[in-house]
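Trainee: quick one, what's the 3D model for this:
(chains A and B)
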Amino acid sequence: MCWVCEKYGNKGEKWYLNPENYARRLYKVRKEGKEAAGSDADPQSAGMGAGVVAELVKARISGNLEWEEEIKREALEHAYQTHFGQVVTLDEYLQILDIAYPLAKMTCGCRRVQRGMPDDENFTCMGIGPGMYKWERWPETYRGGVEFVTPEEAKEWALMNHKEGRVQTVDVFGTPYIGGLCQCEYPGCVAVRNRIDYDFKFLLKGHTVAKVDREKCTGCKSCLGRCQFKALNLEVYTSKAYVDMDQCFGCGLCVTACPTNAIELFDRENMPGLAENW
Amino acid sequence: MALDFKVLQKIKGNPSNEVAPGRRMKSNPDEDYVYDLPKELIASVSKEFSIERLFGPEGEISEEFLANQGRAFMGLLIREADSEAFLDRTGEMIEQVAQQTGIRFPHVFERYVELGILTLRPRDAWTVTEATTKALKVRSFNCSLGKLFAEKRLNNCQVFCTAANEVAAEKAGIKLLMTCSKNEDGNGICDQAFHLQQRG
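Mentor: Purely as a prediction, here's the structure:
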């Protein structure tokens, strides 16, 4: 179990499969005067560590490792109380779509900024939970609009995204409340990029790791382009796929790309060397 | 894994396309909406209904009386909360989403439950512990209604809440199985659970 499961899971279950972490009140008594929209729930302002990357780069260039570690430590301390994410498998993602409501397709802020994608071609994020009824409070974040969907429609949409090779994650907005489901890719995704490029753990690894059955692998390379975490390679001598399990985030994108079912997901916690590697 | 390679190959479609024509909502930055419950709604409901009216001089309260009071309270609340004066943007959006998706539980119903708690006992601590399309669970940590009943050595406050919630379910157009488990110590801890029986 990861530390989030230990704290917010229900009787040993994974924390993101606990319906309590998706529930929140719809109402409170209105305060006097004009109320702030609440930046904690705004995906754009939350940013998955984007705000401290400039300082981190400075520290890295200076070669001062201690400074870099201090920036990370302080930022993560805050992030784990407010806004972070974790990779989930497609199976888990589909289960989540039955315990979170409402579900609203929205544009991905990361891909808009990083890749300059027009809003109409960028509906790959999902806002979830009661906060979405108040989406108009953040017109800039939701400038592409929103599209509320049923769980069944959301599942079809999730499958399309999985097919297109996007990593599926849960995102916290005020721990442990899960208010977003991301589907993104490197380098567009701020969370994935910050983890891969700066080892910034705003994005936690998933509960599984992938392993290749060398007998079944034909070396077709279908899986290689799917990995967003640089964990998949082709072994030079055997021409078979190889997963660097230490680097694997357990998203399962490689599993469904394999025409011979040569890749399987295994529980991270059953592997002593990886059990604490989040 | 839910899917293997062959199944995934059959998945078609562009995730950025609209699910159905007209479904996508666009924001209107010129509109200045309000979202939470106005204090004026509390005042308006309190003027016609207060907790004190549940208790007569005799001591014991019949279940029939309590149920009638519960129904009267929720009827009043719905009338006021949905009126032009008090309907807020959250309420409008909940209804709009329900019409688009056909899903009225939990939030069309939950809205009335929450507004009921906030208008009748605005200082209480409570939370929503589950809100899926199948189940809704609300936990009160210090229900002032329950505590008042306990002070008067009464133990049937749930009849009032259940009757009120039945009116809310009827208004939302859904059928629910309702349970209420409160702490017998009278310390105000109470769990209400609602399970969808029939989709409205």
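Trainee: residue 176: how many residues sit nearby?
Mentor: Looking at chain A here, since you left the chain open. Neighbours of residue A:176 under the rule other Cβ atoms under 10 Å in any protein chain shown: 16. Quick note: C-beta positions are derived from backbone N, CA and C, even for glycine.
Trainee: look at chain B instead
Mentor: By other Cβ under 10 Å, the burial measure for residue B:176, its neighbour count, is 23.
Trainee: now swap in residue A:152 and tell me
Mentor: Residue A:152 has 11 neighbouring residues, counting by other Cβ under 10 Å.
Trainee: likewise the one 10 residues further on?
Mentor: Around residue A:162 there are 27 other residues, counting by other Cβ under 10 Å.
Trainee: can you check residue B:101 too?
Mentor: Residue B:101 has 20 neighbours, counted by other Cβ under 10 Å.
Trainee: surely it touches residue A:149?
Mentor: Yes: assessed by Cβ atoms under 8 Å, residue B:101 is found in contact with residue A:149 at 6.9 Å.
Trainee: per-residue confidence for residue B:198?
Mentor: pLDDT, the model's per-residue confidence, is 62 for residue B:198.
Trainee: equivalent analysis for residue B:2, please.
Mentor: The confidence metric pLDDT takes the value 60 at residue B:2.
Trainee: can you check the one 4 residues further on too?
Mentor: Reading off the per-residue confidence, residue B:6 sits at a pLDDT of 88.
Trainee: name the nearest residue to the closest residue to chain B within the stretch 151-278 of chain A, ignoring sequence neighbours.
Mentor: Evaluated by Cβ to the nearest Cβ, the stretch 151-278 of chain A has residue A:160 as its residue closest to chain B, separated by 4.3 Å. Of all residues not flanking residue A:160 in the chain, residue B:15 sits nearest, at 4.3 Å (Cβ to Cβ, 6 or more residues apart in numbering or on different chains).
Trainee: and the one you found, how many neighbours does it have?
Mentor: Quick note: residue B:15 (other Cβ under 10 Å) scores 22 neighbours.
Trainee: again, but for residue A:178
Mentor: Look at residue A:178: counted by other Cβ under 10 Å, it has 26 neighbours.
Trainee: surely it is in contact with residue A:128?
Mentor: Yes: with contacts counted by Cβ under 8 Å, residue A:178 reaches residue A:128, the gap being 7.0 Å.
Trainee: can you count the residues close to residue B:189?
Mentor: 16.
Trainee: contacts only, for it.
Mentor: Under the criterion of Cβ atoms under 8 Å, 6 or more residues apart in numbering or on different chains, the contact list for residue B:189 reads B:139, B:140, B:141, B:142, B:143, B:182, B:183.
Trainee: which residues are in contact with the helix or strand of chain B with the lowest mean pLDDT?
Mentor: Of all regular secondary-structure elements in chain B, judged by mean pLDDT, DSSP states H and E, the least confident is helix B:5-9 with a mean of 88. For helix B:5-9, contacts defined as Cβ under 8 Å, 6+ apart pick out A:159, A:162, A:163, A:256, A:257, A:258, A:259, A:261.
Trainee: repeat for stretch B:27-42
Mentor: Residues outside stretch B:27-42 that contact it (Cβ under 8 Å, 6+ apart) are A:27-31, A:35, A:133-137, A:139, A:142-143, A:145, B:80-81, B:85-86, B:88-90, B:115, B:118-119, B:122.
Trainee: buried stuff in that stretch?
Mentor: For stretch B:27-42, burial by neighbour count (16 or more other Cβ atoms under 10 Å in any protein chain shown) applies to B:27, B:35, B:36, B:37, B:41, B:42.
Trainee: rewinding a little: the residue of the stretch 151-278 of chain A closest to chain B belongs to a helix?
Mentor: Yes: Residue A:160: assigned to a helix according to DSSP: H, G, I helix; E, B strand; the rest coil.
Trainee: correct me if wrong: it contacts residue B:10.
Mentor: No: the pair residue A:160 and residue B:10 does not pass the contact test of Cβ under 8 Å, sitting 11.5 Å apart.
Trainee: can you give me the helices for chain B?
Mentor: Using DSSP state H, the helices assigned to chain B run over residues B:5-9, B:39-48, B:63-81, B:89-101, B:107-120, B:144-151, B:157-172.
Trainee: contacting residues for residue A:129?
Mentor: Residues in contact with residue A:129 (Cβ under 8 Å, 6+ apart) are A:22, A:23, A:24, A:100, A:101, A:102, A:177, A:178, A:179.
Trainee: once you drop chain neighbours, what's closest to it?
Mentor: Across the structure, with Cβ to Cβ, 6+ apart as the measure, the residue nearest residue A:129 apart from its sequence neighbours is residue A:179 (5.1 Å).
Trainee: before we move on, back to that, more neighbours: residue A:160 and residue B:10, which one.
Mentor: Under the criterion of other Cβ under 10 Å, the comparison of residue A:160 against residue B:10 puts residue A:160 first, with 19 against 9.
Trainee: mind listing what the more buried one touches?
Mentor: The contact partners of residue A:160, by Cβ under 8 Å, 6+ apart, come to B:11, B:12, B:13, B:14, B:15.
Trainee: which of these are buried?
Mentor: B:11, B:15.
Trainee: now tabulate the contacts of residue A:160 in a markdown table and tack on distance to residue B:164 and pLDDT.
Mentor: Below are these laid out as a markdown table (distance: Cβ to Cβ, whole Å; pLDDT from 0 to 100):
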| residue | distance to residue B:164 | pLDDT |
| --- | --- | --- |
| B:11 | 46 | 93 |
| B:12 | 48 | 93 |
| B:13 | 44 | 95 |
| B:14 | 46 | 95 |
| B:15 | 42 | 95 |
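Trainee: quick one, helices of chain A?
Mentor: Applying DSSP H to chain A gives helices spanning A:3-8, A:43-46, A:50-62, A:65-82, A:90-99, A:109-115, A:151-163, A:190-198.
Trainee: now these in CSV, with mean pLDDT and distance to residue B:60?
Mentor: Written out in CSV, the entries for the helices of chain A read as follows (pLDDT from 0 to 100; distance: least, Cβ to Cβ, whole Å):
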stretch, mean pLDDT, distance to residue B:60
helix A:3-8, 95, 44
helix A:43-46, 53, 54
helix A:50-62, 86, 61
helix A:65-82, 92, 49
helix A:90-99, 97, 42
helix A:109-115, 87, 59
helix A:151-163, 96, 47
helix A:190-198, 90, 60
